[in-house]
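Chemist: Got a predicted model here, sequence first, then my questions.
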Amino acid sequence: MVEARATKERQAGEGLIAKNRRASFDYAIEETFEAGLALVGSEVKSIRAGKIELVDAYAVVEQGELWLKQMYVAPFSHASAFPHEPRRARKLLVRKREIERIGAALAREGLTLVPLKLFLRNGFVKVELGLGKGRKKGDKRQEIARKTADREARAEMGRGRKGS
């Protein structure tokens, strides 16, 4: 009985679809937001199939609305009658207060709003947005060095445990 419920939940569409791994490398993420996406049917089918790219995508506030731009959603093969445009601007569904707060932060602090991951929750496509400041080349090198040092320290600790 429990296995059947878990299978139904997975079929209903729960979980991660795509992650923008480049965003955490290029930006120092300060705050995250969750938003819904206004999509057409063929886009939902392509997204569920995982045929998307978040690498060049970003979000902007225009006329009191939040828009996700440059996210690539591959055309759905069986939607030949009414295909969607792969890189069109998609409206993000967020509360008005959050849009105002995000807009103020983008204008005041010189931050960028980038999509971090795309996932399904209760059958709806959601996007996690990160408000971040762009990193310079030196910052990126420092981040790589820090991650390498952490990885080596964890490996050393693992070897130390096995030796005792």
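Modeler: Right, received. Where do you want to start? Numbering: from 1, shown residues only.
Chemist: Would you mind giving the secondary structure of the residue nearest the centre of the chain?
Modeler: Central residue of the chain (C-alpha atoms, centre = their mean): Lys117, 2.1 Å from the mean position. Following DSSP: H, G, I helix; E, B strand; the rest coil, Lys117 is assigned to strand.
Chemist: where in this structure is pLDDT low?
Modeler: 1-14, 78-83, 162-164 (pLDDT under 70).
Chemist: Please enumerate the helices of it.
Modeler: Per DSSP state H, the chain carries helices over the ranges 2-12, 21-26, 41-48, 96-109, 137-163.
Chemist: nearest to Phe76, of these?
Modeler: Of all those, it is helix 41-48 that lies closest to Phe76, at 4.0 Å by C-beta to C-beta. Yep, even glycine has a C-beta here, placed from its N, CA and C like the rest.
Chemist: helices or strands up against the closest one?
Modeler: Contact partners of helix 41-48 among helices and strands, from 3 or more C-beta pairs under 8 Å, 6 or more residues apart in numbering; DSSP states H and E: strand 72-73.
Chemist: tell me which strands and helices the strand it packs on is in contact with?
Modeler: helix 41-48, strand 52-53.
Chemist: shouldn't Asp139 be in contact with Tyr27?
Modeler: No - using C-beta atoms under 8 Å as the test, Asp139 is too far from Tyr27 to be in contact (10.0 Å).
Chemist: So between the two, which is more surrounded?
Modeler: In terms of neighbours (other C-beta atoms under 10 Å), Tyr27 is the more surrounded of Asp139 and Tyr27; the figures are 20 against 14.
Chemist: tell me the contacts of that one?
Modeler: Thr112, Val114, Gly130, Gly132, Lys133, Gly134, Arg135 (C-beta atoms under 8 Å, 6 or more residues apart in numbering).
Chemist: Export these as a markdown table, with columns for distance to Pro86 and neighbour count.
Modeler: Below are the contacts of Tyr27 laid out as a markdown table (distance: C-beta to C-beta, whole Å; neighbours: other C-beta atoms under 10 Å):
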| residue | distance to Pro86 | neighbour count |
| --- | --- | --- |
| Thr112 | 22 | 17 |
| Val114 | 19 | 24 |
| Gly130 | 23 | 22 |
| Gly132 | 25 | 20 |
| Lys133 | 29 | 14 |
| Gly134 | 26 | 12 |
| Arg135 | 28 | 16 |
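Chemist: from the residues you listed, which single one is nearest Gly64?
Modeler: Thr112 (19.4 Å).
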